[in-house]
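Q: The following comprises the amino acid sequence and a computationally predicted model.
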4 protein chains.
Amino acid sequence: MTKLWNKGYDVNKEVEKYLAGDSWGDQQMVKHECIASIAHGMMLNKIGILNDNEIKSIKKVLVEIIELDKNNKFIITPQDEDVHTKVENYLTSKLGDVGKKIHTYRSRNDQLLVNPRLYNKEKLLSIEQKLLNLIKSLINLAKSNKNIPMPGYTHRQKAMLSSIGLWIGAYAESFMDDFEVLSKAYELNDQNPLGSAASFGVPKNIDREFTTKLMGFSKTQKNTLYCQNSRGKIESIIVSALSQIMITIGKLSADLILFSTNEFGYIKLGNEVSTGSSIMPQKRNPDVPELMKGNVSIVLGYENIIKNAIKDLPSGYNKESQVVKEHTIKSILLTMDSIDMMQICIDTLTINDEICKKSCTKELFATDLAYDLVDQGIPFREAYNKIASEIDSIEVPDLNEAIKKRCHIGAPGNLGLDKLSKNIELKENELNKKKKFFENSIKKLLE
Amino acid sequence: MTKLWNKGYDVNKEVEKYLAGDSWGDQQMVKHECIASIAHGMMLNKIGILNDNEIKSIKKVLVEIIELDKNNKFIITPQDEDVHTKVENYLTSKLGDVGKKIHTYRSRNDQLLVNPRLYNKEKLLSIEQKLLNLIKSLINLAKSNKNIPMPGYTHRQKAMLSSIGLWIGAYAESFMDDFEVLSKAYELNDQNPLGSAASFGVPKNIDREFTTKLMGFSKTQKNTLYCQNSRGKIESIIVSALSQIMITIGKLSADLILFSTNEFGYIKLGNEVSTGSSIMPQKRNPDVPELMKGNVSIVLGYENIIKNAIKDLPSGYNKESQVVKEHTIKSILLTMDSIDMMQICIDTLTINDEICKKSCTKELFATDLAYDLVDQGIPFREAYNKIASEIDSIEVPDLNEAIKKRCHIGAPGNLGLDKLSKNIELKENELNKKKKFFENSIKKLLE
Amino acid sequence: MTKLWNKGYDVNKEVEKYLAGDSWGDQQMVKHECIASIAHGMMLNKIGILNDNEIKSIKKVLVEIIELDKNNKFIITPQDEDVHTKVENYLTSKLGDVGKKIHTYRSRNDQLLVNPRLYNKEKLLSIEQKLLNLIKSLINLAKSNKNIPMPGYTHRQKAMLSSIGLWIGAYAESFMDDFEVLSKAYELNDQNPLGSAASFGVPKNIDREFTTKLMGFSKTQKNTLYCQNSRGKIESIIVSALSQIMITIGKLSADLILFSTNEFGYIKLGNEVSTGSSIMPQKRNPDVPELMKGNVSIVLGYENIIKNAIKDLPSGYNKESQVVKEHTIKSILLTMDSIDMMQICIDTLTINDEICKKSCTKELFATDLAYDLVDQGIPFREAYNKIASEIDSIEVPDLNEAIKKRCHIGAPGNLGLDKLSKNIELKENELNKKKKFFENSIKKLLE
Amino acid sequence: MTKLWNKGYDVNKEVEKYLAGDSWGDQQMVKHECIASIAHGMMLNKIGILNDNEIKSIKKVLVEIIELDKNNKFIITPQDEDVHTKVENYLTSKLGDVGKKIHTYRSRNDQLLVNPRLYNKEKLLSIEQKLLNLIKSLINLAKSNKNIPMPGYTHRQKAMLSSIGLWIGAYAESFMDDFEVLSKAYELNDQNPLGSAASFGVPKNIDREFTTKLMGFSKTQKNTLYCQNSRGKIESIIVSALSQIMITIGKLSADLILFSTNEFGYIKLGNEVSTGSSIMPQKRNPDVPELMKGNVSIVLGYENIIKNAIKDLPSGYNKESQVVKEHTIKSILLTMDSIDMMQICIDTLTINDEICKKSCTKELFATDLAYDLVDQGIPFREAYNKIASEIDSIEVPDLNEAIKKRCHIGAPGNLGLDKLSKNIELKENELNKKKKFFENSIKKLLE
């Protein structure tokens, strides 16, 4: 199979393998390669490079490839070099010279840039949806347990009265902030780089806005050199957004692990997310939360890799940026899977009401009493010292009442979940609009 | 000086020093401590804990502290423990019991959370402005050099015709994307956590929305446990946004360094940003771009520190998060200074037209010729091979014309800078609104 | 296939997949699993748990598996769970109850610990050899070009006279330091953890020193809890050592890229390590050095992942540590391949003597002249200022003589390569001893 | 004050500040600057550049500076530029032209390289000693509690019988491995770079081996370009070694925090390392272990910064490497302080025997019983299943006996601490030799 840059000498096999990049990553992007090629072809047709018959037959073959790929019948092997060569060779084998024309006014760099953008759009939309679903589950869990008291901890030491509702609600709000960060990353990725060629445009009047519309992008990424320079940069913004989701997952996992120990015991993890031991029959291990927690480090590390690989490359394409793709795709998939796992954890979580209540011991209420003295006009510092000296005589109050007394916004007695739910509704509507716009564009393109 | 948590035993001096955190960081936040304290006090007044005289005298002393600090006369020493204790002690020394009352329904955690948010708001607004200024300078530089040709590079090898306009314009667009990321970080930081107390709210009807309005926040951060859990998380979102600015600065620095070598010579750096050598009289070193480039690693590393320090802490306050503050402030200041430095670099940059033109040698135009053959109906792959075999006979075309021919959006002949300028105007208006809203709120608060 | 920890409920398929770890990593360790199992079995035989016939038949089957694996006929699929289950199931299917006995006094944790140690030993020995080979090539290249002058750079600006010999020799010495770090990592990995069971040992008198000897380890890792706690720690020491090799490779790559640009032109990279462009016929891109440079970030990122995943886990096995294996193996293989690539780069490098010489322009000799004034009794600072004012009248001296004058140890005229060669000889002898000891132990074990 | 590289134009103040580096870091190295200057001067005297009177008076002034610095009377301000300029200016002001001569055949790069090496040697020797002291304390603690049983955990779930001795002993062995890594870092730092000048040596016969001996280095770092290239590399090896110590400290801190919660309660932290809360009188927070744990991220992040800042710089001095010094010194000091803190934690730790014993519940002994069945000839897998089905009827055995039965090397009943102690003795002897050799050299130099 002929390599596009063949110069007549044999490149050492080992070197070839070292340079090859991951055909696994390329396999994920067969569909996007075809979509971008159709868009480019339709543009070439519009400006008179391809006639109507030519674009029709090219489109037919590319749609065919998408179908083959759907059925795992378009496999990229190391011998194929990569998805670009594989698709071009397939086109040429079917259409001869016509197949070759698709490469007009386009560079491999173009393809390397636009494919991941399409892939990322698809995946980020899916992650946004999963995230909203998870938040809704957390809100439900928080609501149905809003009156279950539990000790609130600082420094891993019992501090004050909290509640299951407050605890779980905290994560709903945290994931909502993550959603915001992710949406911005989506927006920045939603720029069409096609037409930048090898970074410097082409000396012809190609119509970049046209392909932008065809592929359902919101915007054309203009400066052709910046298109190239943004490789890895856009990805690092995406992975950075994913890292925030993972950090929230990691923190919640840490809580799940700690609160499900025998020693704490506030919750019980579902059978689905815990496993046994080969040598200790009695064990029930929180494997899934542990691994989610471990996987946070992976996404953080991949973000570090991407940023450090591109951070001081001179402008224009440089081969160093090859490390970006694999670590971006893997971060996306790992985050996606981790949200799924957290969804299962939340769906199968059991709260141990009894232990939660029993653990709300008197020391949690020291500050309440100090505040009561404040109401009697004693400065807080003095009240505090007085209570500190009488700590043993504190009595546990009615827990239900105690929760209700925490009535300002965001406190256990006033979680503010309804407002959050309304915000989610809003975000879901926006998401559906984005999704439809993109899906409809692609559908129309493939018709 | 009495420590707030004093329990009657002497804490080992060395331990105290280890735990102390940076009084330097605290010194930056004297003003914000006072602002948040006034807002809290006014809220306490509103709900009847402080009477009108009390809040009036408290406010007076706090405004006094702000003035002292402005004149570097309110110095926090290690003996003061931190800004919170220092301010409280000052208040108490001036007002006695009344001074102590400000701590009612508030925790040190509250203060630790709200101060940086105010500090960050202030600094991020300033960075946004600096960034827009820099972008405007880049646009001007690109415009006034849009017809200066230069070789475009891929793999550090001459590839195709580029222009100074395209090169510089690429960075204008890149910083614009960074501006977007930064704005989102500003938005997430713009949430008032005051009133979350030690993470679990207080058993009293405090009015958190009131302090939100007083301090010029856009929004109350609701769930009190999430307020605490977001410590470090919000900061990591900020530093992550800063890291994008630094990455663009790093890349532009790499270009400045490379293009100002004797061997390339396309540009000359201003005297202001380059220095000599103690032992080699002939040297002119690109010190500022080099150091900006080195400093990218610092901000990336600090982002890594913050994320990894908080990534799997259980919920509620934990002392590990102490590492956040110093590394956030330093990232903010370093990015701010680096933007200033880049501004100076751009302001003092000279383009060497002659070398730029002379370096546009024939091999840059191989693809142009291949495309001309395409116009004659030859498939690109064939055209490419034909040109490759005749490469020595290529002639350099009229460079001005060659730039003009690259006429699609984003190419050297059609940089799209006007649209970018309009977008900047829009962003500047939004920024001014945000700034005014915040500044007016604070002004009113301090009246 | 029965999972070892089966408890009677169906674990969600998706969860299973999330937890599975990489079967790819496990596939690399089939041999080591068998080796450690034989050693454990022989120890069980020694202490009377397995009789002579039993160990004989177990060993036979395990050796058979090693052979199958060698021929890619022992493939671990996701359905097999992992290498431990797969091997145990195979043993049991062949030997029935006898096969099950191999698990006596051993935990999966044991196997998870000892397999990578054996794998690492093998690979690190190979990397040490490759590194010494590369250093020898560098020394040869430096020697045969020791009198080729070239400009020495600081701040990417021409500074003083250097030589190809000095430039290349610098990397020989750098890799030698890396070798030292790697040897220490080898030493720390060379501790046998087998027998630690699930972290707490077993209530039986197993003979751990015996398996240490059988598997060719230098030392038993004693404290059984530390055996477990060292998971990820030993690996991070290894990857940290690899990162030093990669940093040297990255730096040398940066030089190769810069010095092979048209603008510098001191060297020409071999055809084997550079490729063309699909759209620009004239290009010759330094792909291999670029990618090696990019790959440095991967190994640094993987080191970051491993350290941050384990850095604050409580003692005893925790599932978070699962992220260690994949990133360690990949770091090892990537470093190994990168050394191979650098070897090819060095083997195919051409020095362009003419350009090197021509580029040694007069400004390189300013300091020489200042020193000559020093010899006449003028303080250096004054001499420096004098030369700085007369810089245009400097003449380029005889370059050969100028190199010779730099005659102190380590300078261009006295590179000290012979001493380095002697040190390599020493290290190679030690390496051969380590290798033989290990290989002979394994050979004897498998007999 | 005249800058060494003054060229007649005013460098923008702001730029100067940006470039300045930390005068704080420089202040740490006044002594080392003087030591290296004396050594260089004595070498200049040996080769005839300075006469006996000159070196005598130079030495006198430099020793005077060391004395001033000891009494905090030699303060480097930003106006002084840096330690090199400050010392040179002081020398010149005292000695006139003679003072200027010390700069002969030496570059600022030389000084920038050799000072930190001397500083590092001093500090690493001190860290090695502190580490050995800590290990000895751990061994003592382990020994005196070797028969206190406690549950051993995997996945944070009770798994098997462990002991305080095993738990603490694990950390003694872990720190011992860290000591090995640190020693290798010391060895690599113990190379004298002085005489490399600006990276390319000098055209004079300076005697580098002589200064190596004078300053108590073990070895001369030969290739002068490698001397420069190793900047940041040696430091990253050091910080990487420190990171291992911090990882062990972090892990032990995680245990201390978890085991001192009310819910676990196996240990009580000393008053010295825990503090109270401003709002919750009952709290006792494990501040020191929490902060040590948080500080691990700092050292890991600083390692990341150093490596990523230097990883692909071309050879020769580049300003990017300026970020190395501050982050190295801070890593050294933070690790040193953290070891001190851990020492205090261990010295003041109390074991709660009662809770430890009480928590050793029956499920810990399931595997023991399975093993007993193995002794009766039942394959382990079957035994395991049998016990799993009868888990409720297990009885807790005599704990003392149970510990004793774990009698193989490294298990709770056979901790192997004596061998460890012997190894420490050995290491301490070596350390004392290194220390004396270095201290005596410096003492002799200053005489």
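A: Structure's in. What do you need? As the structure is a computational prediction, the values presented were derived from the model and not from experiment.
Q: Distance check, the nearest residue to residue A:197 once chain neighbours are set aside against residue A:81.
A: Nearest residue to residue A:197, sequence neighbours excluded (C-beta to C-beta, 6 or more residues apart in numbering or on different chains): residue A:107, at 4.5 Å. Where C-beta positions appear, they are placed from N, C-alpha and C, glycine not excepted. Using C-beta to C-beta, to the nearest Å, one obtains 15 Å as the distance from residue A:107 to residue A:81.
Q: Compare neighbour counts for the two and give me the winner.
A: More neighbours surround residue A:107 than the other of residue A:107 and residue A:81, with 27 against 23 (other C-beta atoms under 10 Å in any protein chain shown).
Q: Could you double-check that the more buried one lies in contact with residue A:198?
A: Yes - under the criterion of C-beta atoms under 8 Å, residue A:107 makes contact with residue A:198 at 4.3 Å.
Q: Is stretch A:392-406 positioned near chain B?
A: Yes - applying C-beta under 8 Å from any C-beta of the partner chain, one finds that stretch A:392-406 is in contact with chain B at A:402, A:405, A:406.
Q: Filter those down to the ones in helices?
A: In helices, judged by DSSP state H, the following of these are found: A:402, A:405.
Q: Any of the residues of stretch A:392-406 next to chain B buried? List them.
A: Neighbour counting over the residues of stretch A:392-406 next to chain B (16 or more other C-beta atoms under 10 Å in any protein chain shown) leaves A:402, A:405, A:406 as the buried ones.
Q: mind giving me JSON lines with the residues you listed and columns for pLDDT and distance to residue C:128?
A: Converted to JSON lines, these look like this (pLDDT from 0 to 100; distance: C-beta to C-beta, whole Å):
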{"residue": "A:402", "pLDDT": "96", "distance to residue C:128": "66"}
{"residue": "A:405", "pLDDT": "95", "distance to residue C:128": "68"}
{"residue": "A:406", "pLDDT": "97", "distance to residue C:128": "63"}
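Q: Tell me the one of these nearest residue D:385?
A: Using C-beta to C-beta, residue A:402 is the member of those that lies nearest residue D:385, at 48.2 Å.
Q: and the closest one, what does it touch?
A: By C-beta atoms under 8 Å, 6 or more residues apart in numbering or on different chains, the contact set of residue A:402 is A:149, A:161, A:365, A:368, B:203.
Q: From chain B, how far off is the first one?
A: Computed as C-beta to the nearest C-beta, to the nearest Å, the residue A:149 to chain B distance reads 11 Å.
Q: Check the offset of the lowest-mean-pLDDT helix or strand in chain A from the chain's centre.
A: Taking mean pLDDT, DSSP states H and E as the measure, helix A:380-389 is the helix or strand of chain A with the lowest mean score, a mean of 80. On the basis of C-alpha atoms, centre = their mean, to the nearest Å, helix A:380-389 sits 48 Å off its chain's mean C-alpha point.
Q: mind exporting that helix as CSV, just the C-alpha atoms?
A: Listed next in CSV are the C-alpha coordinates belonging to helix A:380-389 (Å, rounded to 0.1, in the frame of the first residue of the first chain):
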residue,chain,number,x,y,z
PHE,A,380,-19.9,34.7,70.8
ARG,A,381,-16.4,34.3,72.1
GLU,A,382,-17.6,34.2,75.6
ALA,A,383,-20.4,31.9,74.9
TYR,A,384,-18.0,29.6,73.1
ASN,A,385,-15.7,29.5,76.2
LYS,A,386,-18.6,28.8,78.5
ILE,A,387,-19.9,25.9,76.5
ALA,A,388,-16.4,24.5,76.1
SER,A,389,-16.2,24.2,79.9
